[in-house]
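*Asks:* build me a structure from this.
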Amino acid sequence: MGVEWILAYLALGAVVGFMAGLLGIGGGGIMVPVLTGLFAAQGVAPSHLVHLALGTSMAAIVMTAVSSLRTHHQHQAVLWPVVWRIAPAILIGTFAATWLATKVPTRVLAIFFSCFMAYVAVQMVLNIKPKPNRQLPGTPGLSLAGLVIGGISALVAIGGGSLTVPFLTWCNVRIQQAIGTSAAVGLPIALAGALGYMVNGWSTTGLPAFSMGYVSLPAVVLISMVSFFTAPVGARLAHRLPVVTLKKCFAGLLLLLSLKMLQTVFTG
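*Replies:* Numbering: from 1, shown residues only. Here you go, the predicted model:
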């Protein structure tokens, strides 16, 4: 791997970690479009671009998820009974969706990803929050929610916060506990997603060197080793910078990156 690619992955890790700490948003929205472009520039086959970007992004999220989970647990903001009840369905939904993703053409995945990022961007700009009007469902209801959250998260390589937090808030869970519980749920999503993309892409040929299925190990290591340190920096600055304004700027960035990914996938 050339020095320019190493520096690119390190820079991506720095940005992803910083933004995750600053805005409490997972890095999939940034990583997937950027990785798609980087892999395309390295000569990866167009039919594998988005799959490899999704799998690599899911694996790179693992370290961030561990750090976030630990922090929220220390602040006693994790509803562990909810986590234990929803986690099995999360694991099943995430792993199953990775299998589905490997059967879907890369252009279709790119369109789905871009549409979801547009939804996230609108949610951030308008600060849309569901009104609490019901209680947490029983295990069957939580399992159904887990299947949906895990499935969509695997298809767009996110830790689930964009879905889990609104769901828990809708169920009358305090916002601090909704965020903390979402962070805990993000770890099984990242683990199941990374494993699923590894297993389902295991026999695929034409991938970069040192890839395990649809996960590029060099990219994961380089991104993770930097994001682990820049996430706390972003978290500390969250109390000093105009986060509301930054969220709107970040929403615009998500849209631009998604459009750039579509251009890469459709025009090469």
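*Asks:* from now on I want contacts and neighbour counts done on CA atoms only, so please keep to that.
*Replies:* Will do.
*Asks:* mind checking pLDDT for the closest residue to residue 92 other than its chain neighbours?
*Replies:* The shortest distance from residue 92 to any residue other than its chain neighbours is 6.8 Å, reached at residue 147 (CA to CA, 6 or more residues apart in numbering). According to the prediction, residue 147 has pLDDT 95.
*Asks:* go on, residue 247?
*Replies:* On the pLDDT scale, residue 247 gets 75.
*Asks:* burial count for it?
*Replies:* Residues near residue 247, counting by other CA atoms under 10 Å, number 19.
*Asks:* what helix or strand does it sit in?
*Replies:* helix 243-267 (DSSP states H and E).
*Asks:* which residues touch residue 118?
*Replies:* Counting by CA atoms under 8 Å, 6 or more residues apart in numbering, residue 118 touches 254-255.
*Asks:* how far away is it from residue 165?
*Replies:* 18 Å (CA to CA, to the nearest Å).
*Asks:* ok, now residue 31?
*Replies:* Residue 31 sits 21 Å away from residue 165, taking CA to CA as the criterion.
*Asks:* tell me which of these two has more neighbours.
*Replies:* Neighbour totals were compared for residue 31 and residue 165, and residue 31 leads with 27 against 24 (other CA under 10 Å).
*Asks:* can you map out the strands along the chain?
*Replies:* For the chain, the strands defined by DSSP state E cover 211-212, 215-216.
*Asks:* deepest-packed of the ones you listed, please.
*Replies:* By mean neighbour count, with neighbours taken as mean count of other CA atoms under 10 Å, strand 215-216 ranks first of those at a mean of 26.
*Asks:* what lines up beside that one in the sheet?
*Replies:* The pairing partners recorded for strand 215-216 under DSSP bridges are strand 211-212 (antiparallel).
*Asks:* returning to what we had before: switch the strands of the chain over to TSV; also include mean pLDDT.
*Replies:* Converted to TSV, those look like this (pLDDT from 0 to 100):
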stretch	mean pLDDT
strand 211-212	94
strand 215-216	96
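*Asks:* so which of these comes closest to residue 103?
*Replies:* strand 215-216 (16.4 Å; CA to CA).
*Asks:* quick check: the residue nearest to residue 92 touching residue 96?
*Replies:* No. With contact defined as CA atoms under 8 Å, residue 147 and residue 96 do not form a contacting pair (9.2 Å).
*Asks:* higher neighbour count, these two?
*Replies:* Between residue 147 and residue 96, residue 147 has the larger neighbour count (other CA under 10 Å), namely 23 against 19.
*Asks:* just list the residues touching that one, thanks.
*Replies:* Counting by CA under 8 Å, 6+ apart, residue 147 makes contact with 89-94.
*Asks:* and the residues you listed, which is closest to residue 48?
*Replies:* Once CA to CA is applied, the member of the contacts of residue 147 that ends up nearest residue 48 is residue 94, at 19.4 Å.
*Asks:* state the distance from the nearest residue in space to the closest one that is not next to it in sequence to residue 58.
*Replies:* Closest residue to residue 94 apart from its sequence neighbours, by CA to CA, 6+ apart: residue 150 at 4.2 Å. Noted for residue 150: a distance of 12 Å to residue 58, by CA to CA.
*Asks:* who has more neighbours, the two?
*Replies:* Taking other CA under 10 Å, residue 150 and residue 58 do not tie; residue 150 has more neighbours (37 against 32).
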